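Participant: model this:
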Amino acid sequence: MTSFPDLHLTAPIAAALERLGWNANESLVKQVIPPAARGHNLIAVTPPAPVYATPALAGLLSRLAIRGRGLLLAPPAQLDEWGVIANGLAQDTAIRIQVAHGTSRVSRQLRNDGVDLIVTSPETAVVLATRSVLRTENIDALFLAWPDAWLDQDSITPLMQDLPKEAQRIIHTSSSAHVGGLSERFAKKALAVGMLDDGGPIGPIRTVSVSWSRRVASLPELVELLDPASLVVWTADRSRHGAISLALPVREPAIRLATGDAPTADIIIAFDLPTPERLRQLESAGDVVLLVPPEAESYVRHNTTSRRPIQLPSPLDAALASARDTRTAIVQALENGAQDRAILTLAPLFERYDAIRVAGALYELWSGSAKPAPQPVSDVPATAKIFVGVGKRDGVTANDLVGVLTKELRVDRTMIGRIELREAYSLIEIPASVAEKVAGALNGVTVRRKRITARVDRGPRVKGPRPIRR
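Facilitator: Below is the predicted model:
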């Protein structure tokens, strides 16, 4: 039996892979980690989703933990996904990771030598290189995420020109047909490993077009629309189980989470795109629904015979439904009669203006569209703070609290905001919609050998007038 240390991973990164549910004996893991950790050029053929690059990224980070600087280039819409994966792997290491949607913050980090792995888009990387902030001659490893799907592969030519010949190149692609071309352009003499497409297309398959950032948020809408008696949400690993559990009431046997072989259910939602082999297993277990981000369209089209798209409710659908409800209310009012007083009030207007225009003016006044309506002030803020009864004097750090939330409670790292460490307590910023649930789960957890208390912070209490004693 193979273990992660046998694959040349550092202990913290090996432990992170195990927490995420990866197995050292999986074919992809054994194929990609050793060459990635040793600094060899590598091309991996997998479905076009960041989660499948986790093993190769683990090997790369194990190298960066010793020395060097890495550059990971991915489409702009995927950057936050990559940030979740990279930070999840490196959370117990000293590796400094910067996800750069723009140039300002990462420029400062580069000038101060404060970053080990930069995760950004090709366009941003070229701008940084043009300004001489990012010096590609100092890059030890380059990771390219599905460049065959980029709009312009030539955009990184300026970066490749100054990249040292000995710098490692790791590429993930979703098509075996592109391996030769990618190797010739970006990673000569690269070892090609990964997915074999030998079973032919599968289908028909139901699909939902959704952006990377809305995959979790789309799940409650999809479950409401399908209303299955039993449901399995399948993922390639456990990296998003915390976020999914907060979005859905995961309760056996009605709704379950699964990796590996999916159990039988009425509906199986593939949160991550499955390999063709895995898709066949999912299809044998239930009616499959694939979440398809834009960059994955060609992969799904190539591997399925036909698609049955599911349309989630859109803002237009909501507007049409609201208009329909308004018309129904007006019809009910007309059929109920008893409008004598209204007709007497409006009769002079009917003599001066067309009845349709009078009705339109009344509707505007009724609906509030004739003048800007005051926006209601919500009592529920977008974020809340969780009070935790440990602080600086207990030796607790922000990393300790993040570790407890992400490892033990499976809270998505992107949901954790600012952490304020005080002398006797700490405050953790979290989305208000899940604050009560997270606080309840955090209550009683041990940090630095101290069992903590946790609750949603309601702010300072306002003292009211003292009661009058009689």
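Participant: so what's residue 36 scoring on pLDDT?
Facilitator: Among the per-residue scores, residue 36 shows a pLDDT of 95.
Participant: show me what contacts it?
Facilitator: Shown here is residue 36, whose contacts under the criterion Cβ atoms under 8 Å, 6 or more residues apart in numbering are 42, 55, 56, 57, 58, 59, 60, 63, 168, 170. In short, each C-beta sits where N, CA and C put it, glycine included.
Participant: wait, is it part of a helix?
Facilitator: Yes. The assignment for residue 36 by DSSP: H, G, I helix; E, B strand; the rest coil puts it in a helix.
Participant: all strands of the stretch 351-470 of the chain, in order?
Facilitator: Assigned by DSSP state E, counting those that start in this stretch, the stretch 351-470 of the chain shows strands spanning 383-388, 419-421, 426-431, 446-447, 450-451, 454-457.
Participant: Save those as a markdown table, and put in mean pLDDT too.
Facilitator: Listed next are the strands of the stretch 351-470 of the chain as a markdown table, based on pLDDT from 0 to 100:
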| stretch | mean pLDDT |
| --- | --- |
| strand 383-388 | 90 |
| strand 419-421 | 91 |
| strand 426-431 | 92 |
| strand 446-447 | 84 |
| strand 450-451 | 84 |
| strand 454-457 | 90 |
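Participant: Of these, which is nearest residue 280?
Facilitator: Taking Cβ to Cβ as the criterion, strand 426-431 is the member of these that comes nearest to residue 280, at 37.0 Å.
Participant: Show me what that closest one is packed up against.
Facilitator: When contacts are defined as 3 or more Cβ pairs under 8 Å, 6 or more residues apart in numbering; DSSP states H and E, strand 426-431 packs onto strand 383-388, strand 419-421.
Participant: just so I have it, where are all the strands in the stretch 201-350 of the chain?
Facilitator: Listed in chain order (using DSSP E, counting those that start in this stretch), the strands of the stretch 201-350 of the chain are 205-209, 231-234, 255-258, 267-270, 287-292, 307-309.
Participant: ok, the fifth one: who's next to it in the sheet?
Facilitator: Counting by DSSP bridges, the strands paired with strand 287-292 are strand 205-209 (parallel), strand 267-270 (parallel).
Participant: Mind listing residues that contact the first one?
Facilitator: Judged by Cβ under 8 Å, 6+ apart, the contacts made with strand 205-209 from elsewhere in the structure are 218, 222, 279, 283, 287-294, 300, 304, 306-310, 312.
Participant: which of the residues you listed are buried?
Facilitator: Applying 16 or more other Cβ atoms under 10 Å to the contacts of strand 205-209, the neighbour count classes 218, 222, 279, 283, 288-293, 300, 304, 307 as buried.
Participant: Residue 188: neighbour count?
Facilitator: Neighbourhood size, residue 188 [other Cβ atoms under 10 Å]: 10.
Participant: For it, give its distance to residue 181.
Facilitator: Separation of residue 188 from residue 181 (Cβ to Cβ, to the nearest Å) stands at 12 Å.
Participant: gap between the residue lying closest to residue 213 once chain neighbours are set aside and residue 143?
Facilitator: Leaving out its chain neighbours, the residue that sits closest to residue 213 by Cβ to Cβ, 6 or more residues apart in numbering is residue 80, at 6.5 Å. Between residue 80 and residue 143 the distance is 16 Å, computed by Cβ to Cβ.
Participant: Neighbour count: these two, which is higher?
Facilitator: Counting neighbours by other Cβ under 10 Å for residue 80 and for residue 143 shows that residue 143 has the greater number, 24 against 15.
Participant: Secondary structure of the more buried one: a strand, I assume?
Facilitator: Yes. Residue 143 sits within a strand when classified using three-state DSSP.
Participant: so who does it touch?
Facilitator: Under the criterion of Cβ under 8 Å, 6+ apart, the contact partners of residue 143 comprise 53, 56, 57, 60, 70, 71, 72, 73, 170, 171.
Participant: Also residue 21?
Facilitator: When contacts are taken as Cβ under 8 Å, 6+ apart, residue 21 is in contact with 237, 238, 259.
Participant: Three-state assignment for it, please.
Facilitator: Local secondary structure at residue 21 is given as coil here, using three-state DSSP.
Participant: Can you list phi and psi of it for me?
Facilitator: Dihedral angles of residue 21 (phi, psi; degrees, to the nearest 10) stand at phi 100, psi 10.
Participant: mind giving me CSV with the contacts of residue 21 and columns for pLDDT, neighbour count and distance to residue 325?
Facilitator: Putting these into CSV (pLDDT from 0 to 100; neighbours: other Cβ atoms under 10 Å; distance: Cβ to Cβ, whole Å) gives the following:
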residue, pLDDT, neighbour count, distance to residue 325
237, 95, 20, 43
238, 93, 16, 42
259, 94, 16, 42
